[in-house]
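# any chance you could fold what I've pasted below:
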Amino acid sequence: MKKLIVPQNNLILFISFGGKKFDDSPKAIYDQMIRDNRFDSYELVWAFQNPEDFEIPRGSKVKTDSLKYYVIALKSRCWITNSRVERGLSFKGKNTFYFNTWHGTPIKKMGTDISHNNKSFGTKAKWDIDIMTSQSKYEADIFARVFDIEREKFVISGLPRNDVLIDATPKIKKDILQKMGLPLDKKVILYAPTFREYERDKQLNCIMAPPIDFSKWEKEIGEEYILLLRAHYEVAEVLNVNQSQGFVYNVSDYPILNELMIASDVLISDYSSIFFDYSIQNKPMICFAYDYDTYTDKRGLYFNVMKALPSGSNENDILDIIQTKSSNDILTQVKSFRKSYVQSFGNATNSAIDIIYENIKK
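Got it, this is the predicted structure:
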């Protein structure tokens, strides 16, 4: 097909999380692009696994893995993604500029650093990326090595999806809470753990079963807090957790993660890259690593996140931090964390738009 396809100089293809979503940095770039008159003559195409589930304000949609998808991919002047475009294959159009934002800074091992015993990850497909964005030298150095991408192809500009976190105001936060039907008189905890690829049900779906008794949490902190539970998109079912009316709200299907970060006052996570993004807001973060030894053995981590942030290995530890540790003490650790791992943020979308335009302009 590659030998037969004629490149189209005004065609741009977007795909987020392999076609599962209409969000993240590709959407931030798209939203800015449709406001930028430099791109008025460009044809914009979004690829989705289920195109009928999404509405886009400008352009067209295509179903991933269809023949039409691969034709468009081969014709495109530019690919914009946060994961992969080739869908497990290894190809690139003759005239294609490949712009990859990836979807997070690594805490857990990635690419060639993952144990050969872990069958859930890995591909032999070559990364033929032209530019990849990153939030820090730490991130760029790791991805260059584990994905075998030339280091000079990385731009430390931050992630476009995170620009809105800088601009959030109290009014924006209030509007989000009201839109979600959440109380305005309580602090909001966002609990957003990552998935465990080795924890699956009989149908091989990822599941999560944190050792938490949220009725206990409600008794101890329910007067002051509510909790938003955000499971990773890979998780098919969260076990061992009952949604409590007025305290625990399951927001795993809420479409805009940034709004959850803006609406919340505290983040609790484990080994998720959400820590890096959330740190930009200068709000308290807590690490709940109840399976630290197991996770480090089965997946592996680049650093001990339990030493980098206020942490606990059981729910009593976490409740104690919430109830007794001052926000200033927690924020001191958060600022140190951000200084180490997030060097650039706030203007990533404009930077991306300029880079893309300069490389594809006719």
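
# after the host helix or strand of residue 139, which helix or strand is next?
Counting by DSSP states H and E, the element that carries residue 139 is helix 137-146. Sequence order places strand 154-156 as the next helix or strand after helix 137-146, per DSSP H and E.

# what segments of the stretch 201-350 of the chain are strands?
206-208, 225-229, 235-238, 248-250, 266-269, 285-288, 311-312 (DSSP state E, counting those that start in this stretch).

# hang on, the earlier thing: contacts made by the helix holding residue 139 with the rest, please.
Contacts with helix 137-146, where a contact means C-beta atoms under 8 Å, 6 or more residues apart in numbering, come from 102, 105-106, 109-113, 132, 134, 149-151, 153-154, 156, 302, 340-341, 343. Just so you know, the C-beta spots here come from the backbone N, C-alpha and C atoms, and that holds for glycine as well.

# let's go with 10 Å and repeat that
The contact list for helix 137-146 (C-beta atoms under 10 Å, 6 or more residues apart in numbering) reads 100, 102, 104-106, 109-114, 127, 129, 132-134, 136, 149-156, 159, 273, 276, 302-303, 340-344.

# pull out the buried members of these.
100, 102, 104-106, 109-111, 114, 127, 129, 132-134, 136, 149, 153-156, 159, 273, 276, 302, 341-344 (16 or more other C-beta atoms under 10 Å).

# among these, which are in helices?
276, 341 (DSSP state H).

# and the strands of the stretch 201-350 of the chain as a markdown table, adding mean pLDDT, distance to residue 143 and mean neighbour count?
Listed next are the strands of the stretch 201-350 of the chain as a markdown table, based on pLDDT from 0 to 100; distance: least, C-beta to C-beta, whole Å; neighbours: other C-beta atoms under 10 Å:
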| stretch | mean pLDDT | distance to residue 143 | mean neighbour count |
| --- | --- | --- | --- |
| strand 206-208 | 75 | 23 | 19 |
| strand 225-229 | 95 | 30 | 21 |
| strand 235-238 | 65 | 24 | 16 |
| strand 248-250 | 92 | 32 | 19 |
| strand 266-269 | 98 | 21 | 23 |
| strand 285-288 | 98 | 23 | 25 |
| strand 311-312 | 96 | 25 | 20 |
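
# between those, which one is closest to residue 84.
strand 206-208 (19.2 Å; C-beta to C-beta).

# can you name every helix or strand that that closest one contacts?
Strand 206-208 is packed against strand 235-238, with contacts defined by 3 or more C-beta pairs under 10 Å, 6 or more residues apart in numbering; DSSP states H and E.

# quick revisit: pLDDT on the helix holding residue 139, on average?
Here helix 137-146 scores 95 as its mean pLDDT.

# may I have that helix exported as PDB, CA atoms only?
In PDB, the C-alpha atoms belonging to helix 137-146 read as follows (Å, rounded to 0.1, in the frame of the first residue of the first chain):
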ATOM      1  CA  LYS A 137      15.300  15.900  31.200                       C
ATOM      2  CA  TYR A 138      14.500  12.900  33.500                       C
ATOM      3  CA  GLU A 139      11.600  11.900  31.300                       C
ATOM      4  CA  ALA A 140      13.400  12.500  27.900                       C
ATOM      5  CA  ASP A 141      16.400  10.500  29.000                       C
ATOM      6  CA  ILE A 142      14.400   7.500  30.000                       C
ATOM      7  CA  PHE A 143      12.100   7.400  26.900                       C
ATOM      8  CA  ALA A 144      15.100   8.000  24.500                       C
ATOM      9  CA  ARG A 145      16.700   4.900  25.900                       C
ATOM     10  CA  VAL A 146      13.800   2.500  26.400                       C
END
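
# for it, what is the distance to the chain centroid?
Centre-to-centre, helix 137-146 and its host chain are 17 Å apart (C-alpha atoms, centre = their mean, to the nearest Å).

# for stretch 305-322, same thing?
Using C-alpha atoms, centre = their mean, the offset of stretch 305-322 from its chain centre is 23 Å.

# same question, stretch 253-262
With C-alpha atoms, centre = their mean, you get 11 Å for stretch 253-262.

# so the protein: which segments form each domain?
11-158+346-360, 165-341 (automatic domain parsing).

# buried stuff in stretch 308-317?
308, 309, 310, 311, 312, 313, 315, 317.

# mind picking the two most distant members of the residues you listed?
The widest separation within the buried residues of stretch 308-317 (C-beta to C-beta) is 20.4 Å, between 308 and 315.

# OK, contacts around residue 101?
16, 24-26, 28-29, 80-83, 131-134, 155, 157-161, 348-349, 352.

# mark which of the residues you listed are buried, thanks.
16, 24-26, 28-29, 80-83, 131-134, 155, 157-161, 348-349, 352.

# in strands, which of these appear?
Mapping the buried ones among the contacts of residue 101 onto strands (DSSP state E) picks out 80, 81, 131, 132, 133, 134, 155.

# the last one: what's it in contact with?
The reference is to residue 155. Contacts of residue 155 by C-beta under 10 Å, 6+ apart are 99, 101, 131, 132, 133, 134, 140, 344, 348, 351, 352, 355.

# ditto for residue 73
Residue 73 touches 1, 5, 11, 13, 15, 45, 47, 62, 64, 79, 85-87, 89, 91-93, 96, counting by C-beta under 10 Å, 6+ apart.

# just the ones of the residues you listed in strands?
Per DSSP E, the subset of the contacts of residue 73 in strands is 11, 13, 15, 45, 47, 62, 79.

# so which residues of the stretch 251-362 of the chain form helices?
257-263, 274-279, 292-298, 305-308, 315-324, 327-341, 348-360 (DSSP state H, counting those that start in this stretch).

# which other helices and strands contact the second one?
Yep, that's helix 274-279 we're talking about. helix 163-167, helix 257-263, strand 266-269, strand 285-288, helix 327-341.
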